[in-house]
Each structure stands twice: as C-alpha cells, then as structure tokens.
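**Student:** Here is a sequence with its predicted model. Questions after.
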Amino acid sequence: MKAAVLHALGDPDNVRVDERPDPAPGPDEAVVRLRAAALNHRDAWIRRGLYAGITLPVVLGSDGAGTVAAVGDGVDRALVGAAVVINPSLEWGDDERAQGPKWRILGLPEDGTHAEQVKVPASSLFPKPPELSWEEAAAIPLAGLTAYRALVSRAGVRQGERVLVTGIGGGVATFALAIAKSFGARVFVTSGTEAKLARARALGADGGANYTDDDWTKQIVAMTEGGPDLVVDSAGGTTFAKLLEIVRPGGRVVTYGATTGSPSTIEIRRLFWKQAALVGSTMGTPREFAAMLALYGDGGLRPVVDRIFPLADIAAAHRRMDSAGQFGKIVIGI
C-alpha cells in the first residue's frame, strides 16, 4: 500500500509517500481501506519533535473514513465492506472521568490514517453517517470528539448561555462553534484575522473580536453583556489569564490545549472570588464519540472543510497547517 511516512523530524518534506506492507488484522482488529483522512495539529507537532517517545519511521494521521477490508478473530465478519468512521481515541478504559493506562491516540505509536489502509481495534469503528461525504466524515473524529467532550461532558453547555470560543479557524474551534450553537448557546469567537471572524459570523457566530486589538477583552465583555458564561480555549499562553478576568461569575473555563505555551501565572483569586471553575479536557470516550457523530448525521451538522489535498501532496498539507491560514479541517483524499 501507499502511505505517507515521516522519516525524520523537522520540515514537511520529511513526510514522503512510500510503499509499505499491507496491514493484517490480529484478534479483535480490523483493517480499513481508507477513502479520506485529515490532518491535525498533533501531526505537525509530532513532525516537529514536540512529542515524547517518537519512534521513526511512522505513518501519522488520527482521522479517517473508509470501508472495512478485513477483520481478525473475534470480529463479526459481517463488518467487512461496511462504511465506517474511525474513533482515534483508542482503549479509553472503564472510567468515563479520565482515560486509562492503555489509552492512546491513533497515529503514534501505531501507524495512522495517512495511508491507503490502516489497522485498528474493531471497537474503534463506527458507522459512517450516510449524509456525509467521505471527506466530511474523515474531517470529524479527533476535533469533533475533543470539542464535544470539552463543551458537553466537561463544561455542561446549556441553552442560552454565552460561550466564547478562542482561536476560531482551527479544527476543534470550528467544531466547538457548531456544537455549542446546536445546544442553543450564543457563541462568540476570537481570531487574529478579520477574514476568519467574518467566516465565523457566516457560520452562525453571534459576534467576535480580533485578539490583536488592545481592547479585545472589553469588546467580548460588551458583546456578552458582562462576560461569557463558558470559555473554550486551546491557546493557553499569555492570554489565558485574560480569560479568567472576563469569565462571568459562576462561569467555567475549559481548556483542551496550550498551542501558545503554558500560562506563566494563574491568579487563583480570580477563580475563588468569582466562584468560577477551571476544567481540563482531552479527547473522549466511545459513548461521547457516538453522541458527537450523531450530531453530524441525523443532527444535520456539517464539518467545515478547509482544503482537500491528495495523499501524494501530503507535504503541502503540512505546509498549509504550518501557515495557520486554514479555516476548518485540512483533509487528505485517498
């Protein structure tokens, strides 16, 4: 099979399409012939060496959709030929509150979805919503699951609440916008470009502020009539303290990443004086994956696809990710 293989850390050109042996399923496993995959910041961070324990060469990719080509012992053979979406949150464990010791994300250490075929636990396969194209289905898994757990399970978003989603344009942020709106929330966003703010408004955002403006926090407080009830953030860094300043008393700040680094300080008094909650979230459970996927099937939501690159142009897809110019998911057609 053809696969996009990371041979060395660093530049996008270190990811090259090679021939690799076709995978064979073991007990309780299945092989999926992929029709589309997607790119995540995780793939770029691994390529740059920002993860511990990277073993090369490796096929990156956590998101994928395709048809089941083969199954191993213990798996119903009726699954062969089924159209499926892969849940990249593997072997979560028995406790829904937090992942267990066997939990991992597809695409490191095991080979991932940037290939013509991938081997996964059969328990990670879910029926592809027939309403979605292969490219749309492949865009959903990691980012959709991350947004759903952060918003719904961890932060408990409610109808009528004012939700702030930072860094709109990124994959998880665009899913958070759509999911929060589907729960009846009013959603406000931040971005460093006016074009992304305009795109977010076209997708249903109730307002937005450019975080390069000196008074962006005042703009958000005014739009939300006193501050957001819930903030969803992946940036961290120097702006994180400002989120604790503007969140409404009794509100919540949920974080699922730190793309700009860890905050240098957190003023604890902001939390206890406001009766506010600071919540962490990572990926999600099979139950949450099924609930999230239903929003994009019968629920009628559609993922935002930025661009579709063929597998042969995987390095160009990485460069698109590095440029931070995307709005929505970068998809790989296979």
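**Tutor:** Received it, and whenever you're ready, just let me know what you need.

**Student:** Report how many residues lie close to A235.
**Tutor:** 21 (other Cβ atoms under 10 Å). No exception for glycine: its C-beta is placed from N, CA and C like everyone else's.

**Student:** likewise the one 10 residues further on?
**Tutor:** Counted with other Cβ under 10 Å, the neighbours of E245 add up to 12.

**Student:** what sits against it?
**Tutor:** By Cβ atoms under 8 Å, 6 or more residues apart in numbering, the residues touching E245 are T217, R270.

**Student:** Now do the SS call for it.
**Tutor:** Assigned with DSSP: H, G, I helix; E, B strand; the rest coil, E245 falls in the helix class.

**Student:** Give the other helices and strands that the longest helix along the chain contacts.
**Tutor:** Using DSSP state H, we find that the single longest helix of the chain is helix 171-182. Counting contacts by 3 or more Cβ pairs under 8 Å, 6 or more residues apart in numbering; DSSP states H and E, helix 171-182 packs against helix 141-148, strand 162-165, strand 186-191, strand 230-233, helix 286-295.

**Student:** can you put the ones you listed in CSV and add mean neighbour count?
**Tutor:** As requested, the helices and strands packed on helix 171-182 are exported to CSV (neighbours: other Cβ atoms under 10 Å):
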stretch, mean neighbour count
helix 141-148, 27
strand 162-165, 28
strand 186-191, 26
strand 230-233, 28
helix 286-295, 19
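
**Student:** thinking again about what came up before, the longest helix of the chain: how far from the chain's middle?
**Tutor:** 10 Å (Cα atoms, centre = their mean, to the nearest Å).

**Student:** got the CA coordinates for it in PDB?
**Tutor:** Taking C-alpha atoms only, helix 171-182 is exported to PDB below (Å, rounded to 0.1, in the frame of the first residue of the first chain):
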ATOM      1  CA  GLY A 171     -10.300  22.400  13.700                       C
ATOM      2  CA  VAL A 172     -11.600  22.000  17.200                       C
ATOM      3  CA  ALA A 173     -12.700  25.600  17.500                       C
ATOM      4  CA  THR A 174     -14.900  25.300  14.400                       C
ATOM      5  CA  PHE A 175     -16.500  22.200  15.800                       C
ATOM      6  CA  ALA A 176     -17.000  23.900  19.100                       C
ATOM      7  CA  LEU A 177     -18.800  26.800  17.400                       C
ATOM      8  CA  ALA A 178     -21.200  24.400  15.600                       C
ATOM      9  CA  ILE A 179     -21.800  22.100  18.600                       C
ATOM     10  CA  ALA A 180     -22.400  25.000  21.000                       C
ATOM     11  CA  LYS A 181     -24.900  26.500  18.600                       C
ATOM     12  CA  SER A 182     -26.700  23.100  18.300                       C
END
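
**Student:** thinking again about what came up before, any idea which of the helices and strands packed on helix 171-182 gets closest to R270?
**Tutor:** strand 230-233 (12.1 Å; Cβ to Cβ).

**Student:** tally of neighbours for the closest residue in space to G250 that isn't next to it in sequence?
**Tutor:** Take G250 and drop its neighbours on the chain: the residue closest to it by Cβ to Cβ, 6 or more residues apart in numbering is Q275, 5.1 Å away. The number of residues packed near Q275 is 9, by other Cβ under 10 Å.

**Student:** ok, Q275 touching R252?
**Tutor:** No. Q275 sits out of contact with R252 when judged by Cβ atoms under 8 Å, with a separation of 10.4 Å.

**Student:** which SS state does the residue lying farthest from the centre of the chain fall under?
**Tutor:** Centroid-distance maximum for the chain: W273 at 32.4 Å, with Cα atoms, centre = their mean. The three-state assignment at W273 reads helix, by three-state DSSP.

**Student:** what does the model give it for pLDDT?
**Tutor:** Listed pLDDT for W273 reads 92.

**Student:** Please name the bridge partners of the nearest residue to R77 once chain neighbours are set aside.
**Tutor:** Excluding the flanking residues, the one nearest R77 by Cβ to Cβ, 6+ apart is V71, at 6.0 Å. Beta bridges link V71 to A30 when assigned by DSSP bridges.
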